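>>> The sequence isn't on hand, but the structure is:
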């Protein structure tokens, strides 16, 4: 999600607490406690049915792109995209509990990475993935605005991280542009109020 907040502005400046890392650190600390004590996965953004539909729809989108890439290159296909979904590298930004990555894995994606700037979110996502048998998903603590990632991804998904960035008072347009500078072929905000699809 968005960059860390060492000094939070006063109440008049705050657009929403959802724009601050401190809010999410507290939220995921609570969810991690609930998981450890009761086995709860935490909140499923937009509901389980919608998440499954988004994962299925994303598979269809990637299948269509792959087919067009292969058709365009015919026998001399030098495209980064292949028919097999396992060839797609996927980055989920602001993963929360990481359940969307689990759904994408069920659809056939295998090169899956999830990042979040909240260590509690990463701990929760890793614990859930281990419990549910998704041991190949990679989880990293990383701030997308100050990312340490140097890998280029075929697809980046987001369930509201760009919204949270926009809710932070520190120049939302600049912050948004920084996010879109990540190395990515197709950025798909799967539940975002401000952004539309971006292709590079």
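That came through fine. Predicted model only: the values in this text are computed from it and were never measured.
>>> where in this protein is pLDDT low?
Residues of the chain that meet the criterion pLDDT under 70 lie in 1-15, 73-83, 170-200.
>>> Helices along that one, start to end?
Per DSSP state H, the chain carries helices over the ranges 21-38, 48-73, 99-106, 119-132, 161-167, 172-179.
>>> how about JSON lines for those, with mean neighbour count and distance to residue 147 added?
C-beta here means a position set from N, CA and C on the backbone, and glycine is covered the same way. Shown next, in JSON lines, are these (neighbours: other CB atoms under 10 Å; distance: least, CB to CB, whole Å):
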{"stretch": "helix 21-38", "mean neighbour count": "16", "distance to residue 147": "15"}
{"stretch": "helix 48-73", "mean neighbour count": "15", "distance to residue 147": "22"}
{"stretch": "helix 99-106", "mean neighbour count": "23", "distance to residue 147": "18"}
{"stretch": "helix 119-132", "mean neighbour count": "20", "distance to residue 147": "14"}
{"stretch": "helix 161-167", "mean neighbour count": "22", "distance to residue 147": "12"}
{"stretch": "helix 172-179", "mean neighbour count": "15", "distance to residue 147": "9"}
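>>> how far away is residue 44 from residue 133?
Residue 44 sits 18 Å away from residue 133, going by CB to CB, to the nearest Å.
>>> Compare neighbour counts for those two and give me the winner.
With neighbours defined as other CB atoms under 10 Å, residue 44 and residue 133 compare such that residue 44 has more, 15 against 9.
>>> Please name the residues that touch residue 51.
44, 45, 99, 100, 103 (CB atoms under 8 Å, 6 or more residues apart in numbering).
>>> ok, so of those residues, who is nearest residue 86?
Of all the contacts of residue 51, residue 103 has the smallest distance to residue 86: 15.7 Å, by CB to CB.
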